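**Q** please work out how this folds:
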Amino acid sequence: MIKKGSVAVVTAGLVLAIGGCGDGNGTDEKADVPDKRPAEATSARPPSGELVKWVGGMCESTAALKALRTDSAADLKEIRNPDEVGPSAELLAVGYLSRTPRAVRDVERGLEDLGPSDVPPAERLRNAWLKKLKDVVSALDEVSPSAAFDDAEGSAADVDRLVRSLTPPEPDLLALTKKDPRLAAAYKRAKQCAPGWRPAGETASSAPSGPLPEAADGKDTGACSDGKCEVLVTSAAHITANGVSVRVTVGDDFVTFQSAGTVMQLGGQGGVAQFGDALKATVVAHVEKDAVLKFTLP
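**A** Predicted structure coming up:
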């Protein structure tokens, strides 16, 4: 009886050894179970700083083009329906045809400076963007601001059509992030890809942000008749100085001078417009739609 009891105890011990957590050699049976955690959780690594910078630059360029399309549509609407007391459709179109090609070229240069990506799908996206931009820039090079005097609305509409064609190629960057964990991680870290991001100083004017200096002759444009005056112009004014008739239009970005079929645009303070040997105009200061102008004899 004692022997049978001993055998029973040993048998029970064997059962425990086989059915328990060990494998008989002191090894945990769980070590043989495959890791069921998501693959990306076990293999994802932080994106390189270069990739974060690249993705951020792509987001910045995409945002710039989106803003450009929105601004272009608004400009065309204003050209088609100019304010009765503001600049004429021709002047508005001249400004639009002058600044829009520069804005598109700036985005093109930004993508070129960004350089290639080490992620093939992302590089294909960049190349597709550059092809679109190069085609549009080539077409814009054929447009002269002077076309606005022949057909303000038509010339502006042609340029707006080119700008509106600058939509993201497919698949766009956001779609690529859903397929590539590296791009997804870089997109999350790039500040330019955050909702509502705006570049620093985007709304800042090239003019000083403080108050304008006092103009010696205030708003009295009649003081300019002898060709010598310093006046404040708000939005627009007709000035006759030393026999030269000049229409001045002050916008957020430019001061535009129109005289005898000639148009000159100056951005910010310090610019000088020359009207032959009869007159010279200097932008003393410019803030939004106000400018202090000094007219002198050459």
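
**Q** for the chain, which segments count as helices?
**A** 2-19, 39-43, 49-80, 89-114, 120-140, 147-150, 152-164, 173-177, 181-189 (DSSP state H).

**Q** which non-adjacent residue is nearest residue 168?
**A** Nearest residue to residue 168, sequence neighbours excluded (C-beta to C-beta, 6 or more residues apart in numbering): residue 62, at 6.2 Å. Every C-beta, even on glycine, is put in place using the N, C-alpha and C of the backbone.

**Q** that neighbour: what's it in contact with?
**A** The contact partners of residue 62, by C-beta atoms under 8 Å, 6 or more residues apart in numbering, come to 168, 172, 173.

**Q** hmm, 10 Å instead?
**A** Residues near residue 62 by C-beta atoms under 10 Å, 6 or more residues apart in numbering: 107, 111, 125, 129, 166, 167, 168, 172, 173, 174, 192, 193.

**Q** how close does the second one get to residue 298?
**A** To tie it back to what came earlier, the one meant is residue 111. 43 Å (C-beta to C-beta, to the nearest Å).

**Q** neighbour count: these two, which is higher?
**A** Higher neighbour count among residue 111 and residue 298: residue 111, with 20 against 11, using other C-beta atoms under 10 Å.

**Q** how far away is the more buried one from residue 180?
**A** Distance of residue 111 to residue 180, computed by C-beta to C-beta: 19 Å.

**Q** equivalent analysis for residue 83, please.
**A** 49 Å.

**Q** of the two, which one has the most company?
**A** Neighbours were counted for residue 83 and for residue 180 using other C-beta under 10 Å; residue 180 has more, 15 against 11.

**Q** my read: that one touches residue 125, true?
**A** No: Residue 180 is beyond contact range of residue 125, at 11.2 Å (criterion: C-beta atoms under 10 Å).

**Q** what is in contact with these two at once?
**A** By C-beta under 10 Å, 6+ apart, residue 180 and residue 125 have these common neighbours: residue 119.

**Q** middle-most residue in this structure, spatially?
**A** residue 64 (2.0 Å; C-alpha atoms, centre = their mean).

**Q** distance of residue 241 from residue 222?
**A** 10 Å.

**Q** now the common contact residues for those two.
**A** Common contact partners of residue 241 and residue 222 (C-beta under 10 Å, 6+ apart): 229, 231.

**Q** quick one: which of those two has more around it?
**A** Legend: neighbour count by other C-beta under 10 Å for residue 241 and residue 222, higher for residue 241 (26 against 11).

**Q** name the nearest residue to the more buried one, ignoring sequence neighbours.
**A** Once flanking residues are discounted, residue 241 sits nearest to residue 224: 4.0 Å by C-beta to C-beta, 6+ apart.

**Q** do the same with residue 164
**A** residue 69 (5.7 Å).

**Q** repeat for residue 148
**A** Closest residue to residue 148 apart from its sequence neighbours, by C-beta to C-beta, 6+ apart: residue 93 at 3.5 Å.
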